[in-house]
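> Below are the sequence and a predicted model; questions follow.
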Amino acid sequence: MKKILALFLLTTIFYSCGEDLDDNISTQAEVIFKLNHTFDDTAINVDNYNALNLTNANGEMLNIDRIRYLISRIELVNTSGFSYILKDYNLTDLSDINTYKFNGNLAIPTGTYTLKLVWGFNEVDNLGEYPELNTASWNWPDMLGGGYHFLQFDGFYNVDTASSSPFNFHNGTAKVSDGVFEQNFATIELPNEIFVEQNTTIQLNFDIAELFKNPNTWDLNVLDTPLMPNYNAQKMMQENVQSVFSIGDVTYQ
């Protein structure tokens, strides 16, 4: 009788533990990121990016010849503060629709998250060691600190006048003085809560107009080119990128 009772208690304990373990196993979800671009309220995409005249916050009318930008350490942070890095980096080229969308490289538990990313590369990652970026001519000059560009944005401004001029709004490491450089990436944390379940697609909005207005109103008549060796211009860019991203639609499949 004692053996039967002991066996019953052991079975009951094992079954209860099994229930607890099952309750703690979260469903895994795949995450896809979809990049959406605007200039204020004007949609910008592969079909129209170089066909529009746009007006920045300082009143200059401009057009876009090229925009490429890099974000890295794209991660989702759960309510306990644990983060999952879903992509090491993504180089987006407005002329290539295939770069507007990327998959996370691991499944994560369903739940509530916020999004965090790095504009460009931080000092650990910005070492010039990515063959595919080297092939893409994405390198930042060694004499300006090396590593990679964070942004290449080229076009013309004052296009509504007889004296339009080119601009090269390029962002990367900031040169303080000869041989002295300052990391110039930005860590961007978006506060919107995102619920992840099953296959989740997160739309990440990029407002190009913010590069020219928040917190620094950009005067292209003064700061057009060359900007890469201009320390103050590089730090102004670092400040302005903080407001370019926002969370758009979150959808499920």
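Arrived safely, thanks for sending.
> Next, residue 236: phi, psi?
With angles defined as degrees, to the nearest 10, residue 236 sits at phi -60, psi -40.
> I figured it hits residue 216, correct?
Yes: assessed by CB atoms under 8 Å, residue 236 is found in contact with residue 216 at 4.5 Å. From N, CA and C alone the C-beta is placed, and that goes for glycine too.
> All the strands of the stretch 151-253 of the chain, in order from the start?
151-157, 165-171, 174-177, 180-182, 186-196, 199-207, 245-252 (DSSP state E, counting those that start in this stretch).
> Same check on the stretch 1-150 of the chain?
28-39, 42-44, 54-55, 61-78, 83-93, 101-103, 108-109, 111-119.
> could you dump those strands to JSON lines with mean neighbour count?
Below are the strands of the stretch 1-150 of the chain laid out as JSON lines (neighbours: other CB atoms under 10 Å):
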{"stretch": "strand 28-39", "mean neighbour count": "18"}
{"stretch": "strand 42-44", "mean neighbour count": "16"}
{"stretch": "strand 54-55", "mean neighbour count": "18"}
{"stretch": "strand 61-78", "mean neighbour count": "20"}
{"stretch": "strand 83-93", "mean neighbour count": "17"}
{"stretch": "strand 101-103", "mean neighbour count": "15"}
{"stretch": "strand 108-109", "mean neighbour count": "18"}
{"stretch": "strand 111-119", "mean neighbour count": "19"}
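> Can you tell me how far the residue nearest the centre of the chain is from residue 248?
Centroid-nearest residue in the chain: residue 71, 3.9 Å away (criterion: CA atoms, centre = their mean). As judged by CB to CB, to the nearest Å, residue 71 and residue 248 stand 15 Å apart.
> isn't residue 45 right next to residue 37, touching?
Yes: with contact defined as CB under 8 Å, residue 45 reaches residue 37; the gap is 6.6 Å.
> Identify the contacts common to the two.
Listed contacts common to residue 45 and residue 37 are residue 94; contacts here mean CB atoms under 8 Å, 6 or more residues apart in numbering.
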